[in-house]
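>>> Sequence and computational prediction follow.
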Number of protein chains: 2
Amino acid sequence: MRFMANTSATLEHLIDQFAKLPGIGRKTAYRLAYHVMQTPADQARSLSQAIVAVKEKILFCSQCFNVTDDDPCAICNAADRDTTIVCVVEEPHDVLAFERTGSYRGLYHVIGGVFSPLDGIGPEELKISELVSRIKNDGITEVIIATNPTSEGETTAHYLAKVLKPLGVSVTRIARGLPMGGDVEYADSNTVIRALEGRTEF
Amino acid sequence: MRFMANTSATLEHLIDQFAKLPGIGRKTAYRLAYHVMQTPADQARSLSQAIVAVKEKILFCSQCFNVTDDDPCAICNAADRDTTIVCVVEEPHDVLAFERTGSYRGLYHVIGGVFSPLDGIGPEELKISELVSRIKNDGITEVIIATNPTSEGETTAHYLAKVLKPLGVSVTRIARGLPMGGDVEYADSNTVIRALEGRTEF
């Protein structure tokens, strides 16, 4: 505990709480706490209640493991989705990235991370056996692996392909290459290599 | 409202709430909300309660207008402070900066900002009349003006000097010059000018 001067212990406590959030240092925590202190009471109450609600109300969908308020989630429950395709992503926010495009109409499966031996995260810690049983039981014909193009994401993708292919489904990986609007000159070498390897004919 | 995909409305609501805080964009808000969702329930509850407590418990000291849990604040109430000197600062965090040094034993007066015509902040919006009445009634002999060395802070300082000097107290301004550990080569011109103007004899 750093030296604390005679100011409000209540304010100091809120600063401590904010400083526990990721990427929030003490100066930012102070700025946030000070803002909350000056904000109208109903707005502060909204923030306070939203924090508790997130712990109390949010579930993970028992089918796709996306965050949801109802189980199964709205995507798994929708009548107009193509239930033969599953897109495998790392985290719930990845689902959002695909949904934003409006061009994917299949289902999802959130495995909840990637392999990370240093953090003790292997196949058992991810929702992989759940994915396997969905493929076996739910009439899925194609699995699109959309883990991030990082080394951990690629490793996880390769493992998934090895496990899923024997199940008789088509297993694909999202394309990696130059981002749209990007510039060859400024692209990193790994991206350029991937862009060359993944070239397609006109 | 931006396009929202089929994820948890509860999570989305917390993201909205975090995004209202200063300097928190939607991506950071998502990261914070996601963290809170995964944090143990008691820790989320602590944050939630600390936010409400700040609105419910914090007062402004009726003498110095610093934030406090009790009125008058611990500094105004302390038996061992020199009650003849008052240091005038802009905001409560400035009090902290002086207290951290451990070398100032007088009182404070938080005026709550600086003149800012564009924001409609003039003498009436700051705790200046309250400062004048403290000087008139509380046996104060020296006022140290410690507003920030910005153009607004300097303007406010000059105004304060003009108003307070006729009351028969000594009015001083904190020194401005090169910061300790600083470097003449990299100092901005205004700081160098001040350092020259404010030179003292050995």
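Great, that's in hand.

>>> List the backbone torsions phi and psi for the residue nearest the centre of chain A.
Residue closest to the average C-alpha location in chain A (Cα atoms, centre = their mean): A:Glu91, at 2.0 Å. Here is the backbone geometry of A:Glu91 (degrees, to the nearest 10): phi -130, psi 160.

>>> and it, what pLDDT?
Model confidence at A:Glu91, expressed as pLDDT, equals 91.

>>> doesn't A:Gly112 make contact with it?
Yes: assessed by Cβ atoms under 8 Å, A:Glu91 is found in contact with A:Gly112 at 7.1 Å. To be clear about C-beta, it is placed using only N, CA and C from the backbone, and glycine gets the same treatment.

>>> Dig out what the nearest residue to the residue nearest to the centre of chain A once chain neighbours are set aside forms beta bridges with.
Using Cβ to Cβ, 6 or more residues apart in numbering or on different chains and skipping residues adjacent in sequence, the residue nearest A:Glu91 is A:Val110, 6.5 Å away. Applying DSSP bridges to A:Val110 yields these beta-bridge partners: A:Val89.

>>> what about A:Val110, how many neighbours?
Applying other Cβ atoms under 10 Å in any protein chain shown, we find 25 residues neighbouring A:Val110.

>>> Correct me if wrong: it contacts A:Cys64.
Yes: the criterion here is Cβ under 8 Å, and A:Val110 meets it with A:Cys64 at 5.9 Å.

>>> now the helices: where do they sit in chain A?
Taking DSSP state H as the test, the helices found in chain A are A:9-19, A:26-38, A:41-57, A:74-77, A:92-101, A:128-137, A:151-164, A:189-197.

>>> To B:Asn77, which of those helices lies closest?
Smallest distance to B:Asn77 across these (Cβ to Cβ): 14.4 Å, for helix A:9-19.

>>> and that closest one, average pLDDT?
92.

>>> between the helices of chain A, which one is nearest to B:Gln17?
Counting by Cβ to Cβ, and looking across all of these, nearest comes helix A:41-57 at 4.4 Å.

>>> ok, and what's touching the helix or strand bottoming out on mean pLDDT in chain A?
Across the helices and strands of chain A, the lowest-confidence element by mean pLDDT, DSSP states H and E is helix A:189-197, at a mean of 85. By Cβ atoms under 8 Å, 6 or more residues apart in numbering or on different chains, the residues outside helix A:189-197 that reach it are A:Pro149, A:Arg176, A:Gly177, A:Leu178, A:Val184, A:Ala187.

>>> before we move on, back to that, just put the helices of chain A in CSV and tack on mean neighbour count.
Conversion of the helices of chain A to CSV gives the following (neighbours: other Cβ atoms under 10 Å in any protein chain shown):
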stretch, mean neighbour count
helix A:9-19, 21
helix A:26-38, 18
helix A:41-57, 18
helix A:74-77, 18
helix A:92-101, 17
helix A:128-137, 15
helix A:151-164, 17
helix A:189-197, 13
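
>>> Any idea which of those gets closest to B:Asp80?
Ranking these by proximity to B:Asp80 (Cβ to Cβ) places helix A:9-19 first, at 20.0 Å.
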